[in-house]
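**Q** Test case, fold it:
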Amino acid sequence: MSMQSMNSRSKTGVNSAPHPLAAELTRLLGAHKVLSSSGERRMYSYDAIVMGVVPVCVVLPESTTDVVLAVRAANAAGIPIVGRGAASGLSGGAAPTVPSLVLSFTRMTQLSIDPARREATAQAGVITAAVSEAARPHGLVYPPDPASFRTSTIGGNLAENAGGPMCFKYGVSGDYVKALEYVDAGGEVHQLTRDAYDLAGLLIGSEGTLGLITSARLRLSTPARFTRTLMSSFPTVGQAAEAVSSAIAAGAVPAKLEFMDRACVNAIEDFLHVGLPRDAGAVLLVDTDGDDLETVEEELALVEAACQSSSGQVRRAATDAEAVSLWQARRSVSPALGRIRPQRMNEDIVVPRSVLSEVVREIEALGKASGLNVVQFGHIGDGNLHPNILFDPRTESEEAVHQLAQQIASVAIRHGGVLSGEHGIGSMKVPFMAEAIDPVTLAVLRDVKAALDPEGRLNPGKVLPDAVQVGAAQDTSHA
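**A** All right, here's what the predicted structure looks like:
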């Protein structure tokens, strides 16, 4: 699927007359939970990057019962269903590929904390940051911290298995799930724990293609007593990647280990003016933490030594305010890049740490050869890189953007990596899946999809390529 076709779909399928499904859902749920005008529906046709098809109607459920009624009504009408959180996703997961019913979970915001069990129970629409805010008075936190944690929702995080800067040491969203409630393709409610077969784990990261997560019971933890922060700048991106591999090989397990290349650093400086080194080829931001200050300082010293051995210039944050400012810079990457070009294609590859330096160098070279604006950043501690292709569709070829994205994906696959660490496959990376996964495994994944969604109505066009795409990819590989 070309990017052009994804962008052009938003111009089609808009009918000013309400769909019959909207009338039925209004009867079942009430007018305040159903959006049916063309203007309202258009607002639910895209995520943070991808423009999709305008939905036939939108439901704003307030309970699991609302979700059940909406799913059953859509099934009776033969209409596909797309789940949606805050739409901060970067791969098209929440953007319909065909006329669909969109279920937007933003009103499902019930949240409770059980301090004795160190657990939170959150409906799908709870904002990620709200979990830690509610847990903090009890001396607890929820560690997963995607960059969009102040806007993204728990349901969306689990649909994509989102990570964040703390994922290297503390894990990703799915690592904190103890139980799930979800509604299946037929409109039945299920309660899943993680005993015996880990069916909850199957739903996590499935992007709403196997079921609709309505709530989750989440594990909380105690925050570290001490944190230390440093920034290191390097002449080249390869040297920054070498420092990461060396620090981890030496035994350091930083709480956060983030990477930004020169283009990314300068975009942030233009946006925030926080004093990042504009002339650096790459910058690492690092936190070490723990309950023993001596250990925290020792780990920071290991990172510092590894950076200096790779020609890095190191600056330790002298105050908490300085540390906060550095991490604000990292969390501001997306709005900073948006000032450079109106659109971007966000890759989300994961590669073994042993090949990090080679991979970032190859991607840098591909960007220069293409003539397109490529920016690299990401959670480099666990090999999760976010090469972004910034472009203006009015003056730059979207086909060239798509070709470069495929080349970057091929770099990851060739080096033993995968296509997504946290942003999901969505619709953007579906064309690359036939190259990334062997035919036998793809067949098994399709069997799973068919077992849980036999009519193929849950978020169609996402994650798995169809047979035509697989055949085309195989023909290309044999050419």
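
**Q** which residues of this structure score low on pLDDT?
**A** 1-16, 467-479 (pLDDT under 70).

**Q** Mind doing that once more with 80?
**A** 1-17, 467-479 (pLDDT under 80).

**Q** May I see the buried residues of stretch 40-57?
**A** 41, 44-57 (16 or more other C-beta atoms under 10 Å). Using the backbone N, CA and C atoms, a C-beta is placed for each residue, glycine as well.

**Q** Helices of the stretch 251-400 of the chain, start to end?
**A** Here the stretch 251-400 of the chain has its helices, by DSSP state H, counting those that start in this stretch, at 262-272, 293-309, 320-331, 333-338, 356-370, 398-414.

**Q** Can you pull the domain assignment for this protein?
**A** Dividing the chain into domains by automatic domain parsing, as the record does, gives the ranges 3-107, 111-219, 226-336, 341-478.

**Q** what's the distance between the second one and the middle of its chain?
**A** The reference is to domain 111-219. Centroid separation for domain 111-219 versus its chain: 14 Å, with C-alpha atoms, centre = their mean, to the nearest Å.

**Q** Quick one: end-to-end length of that domain, please.
**A** The straight-line separation of the ends of domain 111-219 (C-alpha to C-alpha, to the nearest Å) is 13 Å.

**Q** i'd like the first residue to be 37 from this point on
**A** That works, and once the first residue is 37, the last one we named lands at domain 147-255.

**Q** At the geometric centre of this structure, which residue sits there?
**A** His459 (2.6 Å; C-alpha atoms, centre = their mean).

**Q** Go ahead and confirm that one touches Gly128.
**A** No - at 9.8 Å, His459 does not count as touching Gly128 under the criterion of C-beta atoms under 8 Å.

**Q** Give me the subset of the buried residues of stretch 76-93 lying in strands.
**A** Among the buried residues of stretch 76-93, the members found in strands (DSSP state E) are Cys93.

**Q** Of all pairs in the buried residues of stretch 76-93, which one is the farthest apart?
**A** Within the buried residues of stretch 76-93, Ile85 and Cys93 form the most distant pair, 23.7 Å apart (C-beta to C-beta).

**Q** and Arg397, what does it touch?
**A** Residues near Arg397 by C-beta atoms under 8 Å, 6 or more residues apart in numbering: 272-274.

**Q** got those as TSV, with distance to Glu243 and neighbour count columns?
**A** Formatted as TSV, those follow (distance: C-beta to C-beta, whole Å; neighbours: other C-beta atoms under 10 Å):
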residue	distance to Glu243	neighbour count
Thr272	36	19
Val273	30	25
Gly274	33	20
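
**Q** Just the ones of those residues in helices?
**A** Residues from the contacts of Arg397 lying in helices, with DSSP state H as the criterion: 273-274.

**Q** got a markdown table for the contacts of Arg397, with distance to Ala171 too?
**A** Shown next, in a markdown table, are the contacts of Arg397 (distance: C-beta to C-beta, whole Å):
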| residue | distance to Ala171 |
| --- | --- |
| Thr272 | 41 |
| Val273 | 37 |
| Gly274 | 40 |
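
**Q** of the contacts of Arg397, closest to Ala67?
**A** Distance to Ala67, by C-beta to C-beta, is smallest for Val273 among the contacts of Arg397, at 53.8 Å.

**Q** Quickly note the distance from the closest one to Val395.
**A** Per C-beta to C-beta, to the nearest Å, Val273 is found 10 Å from Val395.

**Q** How about Gly207?
**A** Using C-beta to C-beta, Gly207 is found at 23 Å from Val395.

**Q** can you check Glu491 too?
**A** From Glu491 to Val395 the distance is 40 Å (C-beta to C-beta).

**Q** And for Val86?
**A** Distance, Val86 to Val395, by C-beta to C-beta: 25 Å.

**Q** now Leu139
**A** Plainly put, Leu139 is 38 Å away from Val395 if you go by C-beta to C-beta.

**Q** if you count what's nearby, which of Gly207 and Val395 comes out ahead?
**A** Counted by other C-beta atoms under 10 Å, Gly207 and Val395 do not tie: Val395 has more neighbours, with 25 against 16.

**Q** List the buried residues of the helix or strand where Glu169 lies.
**A** Per DSSP states H and E: Glu169 is located in helix 164-171. Buried residues in helix 164-171, counting neighbours by 16+ other C-beta under 10 Å, are found at 164-168, 170-171.

**Q** Would you format the residues you listed as TSV with distance to Ser446 included?
**A** Listed next are the buried residues of helix 164-171 as TSV, based on distance: C-beta to C-beta, whole Å:
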residue	distance to Ser446
Thr164	32
Ala165	36
Ala166	39
Val167	38
Ser168	38
Ala170	44
Ala171	42
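
**Q** Looking at these, which one is closest to Ser242?
**A** Each of those was scored against Ser242 by C-beta to C-beta, and Thr164 proved nearest at 18.7 Å.

**Q** List the residues that contact the closest one.
**A** When contacts are counted by C-beta under 8 Å, 6+ apart, Thr164 touches 178, 180-182, 184-186, 188-190, 193.

**Q** my read: Val319 touches Val301, true?
**A** Yes - at 5.4 Å, Val319 counts as touching Val301 under the criterion of C-beta under 8 Å.
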